[in-house]
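J.: Structure for the following, please:
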Amino acid sequence: MRIFTTSWKTGFLDYALTPGDVRIAVRAVQVLQPIRETYVQYSRSLGVLINYAREIGVADTLRKAWSRLREDESRNLKYAICGIGNVVDSLSPHFQVGQEVAFIAPCHPKCAERLCLPDRLLRPLRRITARSKLEEIALYGTGSPHSFASDWSRFVGWTADSGRVLDTASVQEFLDEVDEYFAGNVGEPEIRLPVEGAPVMETAGSKVVGSGGKLSATCVGYGQYAKITLLGNVPPQIAVKRVHEIDPTQLGPFSRFSFQVDSLGRLRDDDRPDVCFITGFHHTHADIAVEVIERGGIAVVEKPVATTMEQYGRLREVLSTHPGKLFACFQRRYARYNEFMRKDLGVGRQEPISMFATVFEVQVPKLHWYHWPNSRSQIVSNGCHWIDHFLYLNDYAPPVALNAFKLNERTVNAYIQLENGASFTLTLSDLGSSRIGVRDYCEYRSEGRTVSIRDASFYQSESGSQVLRKTRFPKLAVYRHMYQEICRRILSGQGGDSLKSFSVSTETILALDNMIGVRSMPERATVIR
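T.: Model prediction:
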């Protein structure tokens, strides 16, 4: 498929057609506005590179920078557009192949040859227009959009994955105007884009057959984390054969990949990997893990493991009958400083360790997916790391008291008291400087001794009379160690996380999340005129 950014680019996968969706061959597009509030985009200044090099090392900084530079520009250039087209495939009972439709695409490239949209974003054309039958795509108004009477700003950035409520009546009212607009005298388009009619491709690359004695792996989600942190740390004995990513612009042209790529955000029927690395949207983790485990595979799941109690229940049920088939990627469980902590605190395995954490999380744009209702609160999206580490250090002793509340829309507090006597407090906020990303200061305490760790790197332990140990750990080394250890256990046939650790950690995180509720998300985006 071809996508237009500043020019036509070819070699992209088609968007995947899922239940309730309609695939449209686009014939005319009106650009409503660019969307600048969807992705975290970093400055490319030399000063930022120097700051990160000092913090995480030159090699890791260069790896991150190179990955960002290689991203196709169309990934970050998203627009709200409307237009008309012809239905070429449908999984909706309301639309049939061949129908002419008006549509709104709330967060997409400026233009694409084909789009897959939920049927709520379409309506049949009532007015006959020859424009929808041309063998070209007419692109209008990239400078100043047509002034529609309906308020389309509330649709900007919407996606079916978000969980945002969509006012379908308002959508249909707007689409009626779109219908009238393209049936009228709209003038000459800014650009005419020829249509090649290439076949639909949701999957590209050779079909997966065998693994040559290696374990086969699939990765679901191909964002920066998967590109930089995950795939580079998977050993050659585990062969990544397929990658799923729902946004074709995130993948970029598929010809550059040595593995199979797929735009469906979950497993295909024929996808039965030995191992599945799950790094997609948070609310999709649990259901994909259930499917992987039921097919006989091992699920390696990025945080959070689940975002609702319903998801947790389904995953717990499958783990009860398939124990040891899940690894949760809470990297602090694998940190080297854990080896020092109990010794320096002078406590045994069953003795309590109290923890106090102040965390700064990077502020994300208003339409970023962390703000989706389906992504839940800061407790789930980021705070889960520190909560799980506290529970890990206390061998997942059950909580006897919990509380969480918002100080304001950008700061939350959480408190836990465990049966073994350990206590935990967390202050989590995005108020502050994002000079070098996420920052944290944690103290771990026992009777008469304290360990302090700053930015997951600077370690110091002390008693009442002296400093016991002072050292520094490479900040990103913990991720390499985590994947090395997880993969070592998989290859040696060892089991994954215990049902106890999964249950206590997930139940605690979700209980605190339910006290906070979802993050606030704007009902409508800023309109750019």
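J.: Just list whatever residues bridge to the residue lying closest to Tyr337 once chain neighbours are set aside.
T.: In this structure, Tyr337 finds its nearest non-sequential neighbour in Tyr459, 5.0 Å apart by Cβ to Cβ, 6 or more residues apart in numbering. No exception for glycine: its C-beta is placed from N, CA and C like everyone else's. On the basis of DSSP bridges, Tyr459 takes part in beta bridges with Ile453, Thr471.
J.: Need the three-state assignment for Leu230.
T.: Secondary structure, DSSP: H, G, I helix; E, B strand; the rest coil: Leu230 is helix.
J.: list the contacts for the spatially most central residue of the chain?
T.: For the chain, the residue lying nearest the average C-alpha position, counting by Cα atoms, centre = their mean, turns out to be Phe281 (3.6 Å). Counting by Cβ atoms under 8 Å, 6 or more residues apart in numbering, Phe281 touches 161, 221, 265, 369, 372, 374-375.
J.: Format those as TSV; extra columns: distance to Asn514.
T.: Output for the contacts of Phe281, formatted as TSV (distance: Cβ to Cβ, whole Å):
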residue	distance to Asn514
Asp161	21
Gly221	26
Gly265	26
Trp369	20
Trp372	17
Asn374	15
Ser375	14
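J.: What is the nearest of those residues to His108?
T.: The closest of the contacts of Phe281 to His108 turns out to be Asp161 (Cβ to Cβ; 13.7 Å).
J.: so that closest one touches Pro373, yeah?
T.: No - counting by Cβ atoms under 8 Å, no contact exists between Asp161 and Pro373, whose distance comes to 10.4 Å.
J.: next SSE after the worst-scoring helix or strand of the chain on mean pLDDT?
T.: Ranked by mean pLDDT, DSSP states H and E, the helix or strand of the chain with the weakest confidence is helix 58-70, at a mean of 55. Toward the C-terminus, helix 58-70 is succeeded by strand 78-90 as the next helix or strand (DSSP states H and E).
J.: Which strands border the helix or strand following that next one, and is each parallel or antiparallel?
T.: If you walk from strand 78-90 toward the C-terminus, the next helix or strand you reach (DSSP H and E) is strand 100-108. Using DSSP bridges, the neighbouring strands of strand 100-108 in the sheet come out as strand 78-90 (antiparallel), strand 122-124 (antiparallel).
J.: Take those and write them to CSV, including mean neighbour count.
T.: Listed next are these as CSV, based on neighbours: other Cβ atoms under 10 Å:
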stretch, mean neighbour count
strand 78-90, 22
strand 122-124, 21
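J.: possible to save the ones you listed as TSV with distance to Leu230?
T.: Supplementary listing: the strands paired with strand 100-108 in TSV, determined by distance: least, Cβ to Cβ, whole Å:
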stretch	distance to Leu230
strand 78-90	24
strand 122-124	36
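J.: Among those strands, which comes closest to Val347?
T.: Of all the strands paired with strand 100-108, the one in closest proximity to Val347, counting by Cβ to Cβ, is strand 78-90 (50.4 Å).
J.: The longest strand that the chain contains pairs with which strands?
T.: With secondary structure taken from DSSP state E, the chain has its longest strand at strand 21-35. The strands beside strand 21-35 in its sheet (DSSP bridges) come out as strand 78-90 (antiparallel), strand 114-118 (antiparallel), strand 136-140 (parallel).
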